[in-house]
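[1] structure, please.
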Amino acid sequence: MYNSIKPGQIWLDTEGKRIQAHGGSVMYLDGTYYWYGENKEKTTGKDNIWHWGVRCYTSKDLYNWEDKGLIIPPETADPDSSLHPTSMMDRPHIIYNKGTGKFVCWLKIMNKDGTQSETILTADHILGPYKKVREGFRPLNMSAGDFDLAVAPDGKAYYYFERVHSETICADLTEDYTDVTGYYTTHFPNKYPPFVREATSHFVRKGKHYLITSGTSGYLPNPSEVAIADTWHGPYKVLGNPHPQDESHTSYYSQISCVFKVEGKKDLYIAMADRWVPDHMDYKYEEYAKGFEQIFNEDYEGPAIDLAKKFGDDSKRNTSIADYVWLPFRFEGEMAYLDWKDEWKIEEFK
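    Predicted coordinates for the structure are as follows:
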């Protein structure tokens, strides 16, 4: 049994196995927390397995998590399916639609042709079974990367995503949450990685809308960024890096996937992050950042870097051993900070 959170350390479920819910989120329903994400248990880097479906866990205390199994299993019999284990499926996000009574899940798919699309599924319960309603979906006819989904108190839903290697888009969803209406706004334009923002996480605090994003450098971590606005569509004002104590400029060697408020606590917001490459925390951000810039910046004039040779290929990383970095936000005015803690407890907060 756990009675605290220890960021960056191996986290086991109630059966003593590694928790496999990467790039995921937490949802609170009827007194229970549901933590779901990419199941990477078979992604050792030794073959072409990218995922083994979406797994979900439940908890009452946010410390101890019971494995509820695969809520979206891999489709092993169909090599062309976006849910086949070799398909590069990432970042499941689930929202509940009060109007339809459906749980709606969006999945990012990195296609073999270099584009990115979405697979959308629905279910009557968060634990499934889920049914595919869209596959190969290109919202707004864009190549859509990392994203977050958010629902307003009035039931209107929003989709924040990276227009691949370009900018961040906020798009209105249709009433059933399975499509976009066509209305959208653009934010954080950047010319190329690693500066393009991805891994967007949205939350609301004291009437302000927050977007937490990372740079774009694959599984190798980089500095996060905080931005705020008065409305869902902004405009967003960038406040800076929430990890100022981190001299490695890697967000404590992690990438945030979700921010959620803890029920019953006055002002406790937890940033959930993945430490994708815990076996390579000696890599230097300044070096591999130049490698990514070299690939995408036509005017790059720095030193030549063989990114894959020096830092490895993301498709061959052993993400089955990826760990988690969960930290509470500290607020100073509007700015949100994440201080490193070797161990912390929910009970420390009012």
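[2] every contact and neighbour count from this point should use C-alpha atoms.
    Noted.
[3] could you export stretch 247-257 as PDB, CA atoms only?
    Extracted as PDB, the C-alpha positions of stretch 247-257 are listed here (Å, rounded to 0.1, in the frame of the first residue of the first chain):
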ATOM      1  CA  GLU A 247      18.600  23.300 -14.500                       C
ATOM      2  CA  SER A 248      18.400  20.500 -17.100                       C
ATOM      3  CA  HIS A 249      15.600  22.400 -19.000                       C
ATOM      4  CA  THR A 250      13.800  19.100 -19.400                       C
ATOM      5  CA  SER A 251      10.700  19.600 -17.100                       C
ATOM      6  CA  TYR A 252      12.400  17.200 -14.600                       C
ATOM      7  CA  TYR A 253      12.900  14.800 -17.500                       C
ATOM      8  CA  SER A 254       9.200  14.500 -18.100                       C
ATOM      9  CA  GLN A 255       6.300  15.600 -20.300                       C
ATOM     10  CA  ILE A 256       3.000  16.700 -18.900                       C
ATOM     11  CA  SER A 257      -0.100  14.900 -20.300                       C
END
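[4] buried residues of that stretch, list them for me.
    Ser248, His249, Thr250, Ser251, Tyr252, Tyr253, Ser254, Gln255, Ile256, Ser257 (16 or more other C-alpha atoms under 10 Å).
[5] kindly reformat those as TSV containing pLDDT.
    Compiled in TSV, the buried residues of stretch 247-257 are given as follows (pLDDT from 0 to 100):
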residue	pLDDT
Ser248	97
His249	97
Thr250	98
Ser251	98
Tyr252	98
Tyr253	98
Ser254	98
Gln255	98
Ile256	98
Ser257	98
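[6] show me the shaky parts of the protein.
    Along the chain, segments meeting pLDDT under 70 are nowhere present.
[7] center of it - which residue?
    Geometric centre of the chain, nearest residue: Ser257, 2.7 Å, by C-alpha atoms, centre = their mean.
[8] contact partners for it?
    Gly23, Gly24, Ser25, Arg91, Ala199, Thr200, Ser201, Ala271, Met272, Ala273, Asp274 (C-alpha atoms under 8 Å, 6 or more residues apart in numbering).
[9] give me the sheet partners of the helix or strand harbouring it and which way each runs.
    Assigned by DSSP states H and E, Ser257 belongs to strand 255-261. Within its sheet, strand 255-261 is paired with strand 269-275 (antiparallel), according to DSSP bridges.
[10] ok, and what's touching the strand it pairs with?
    8, 22-23, 25, 253-262, 322-329.
[11] again, 7 Å this time
    8, 22-23, 253-262, 322-329 (C-alpha atoms under 7 Å, 6 or more residues apart in numbering).
[12] in the helix or strand that that strand is followed by, which residues are buried?
    Later in the chain than strand 269-275, the nearest helix or strand by DSSP H and E is helix 285-296. For helix 285-296, burial by neighbour count (16+ other C-alpha under 10 Å) applies to Tyr285, Tyr288, Ala289, Lys290, Gly291, Phe292, Glu293, Gln294, Ile295.
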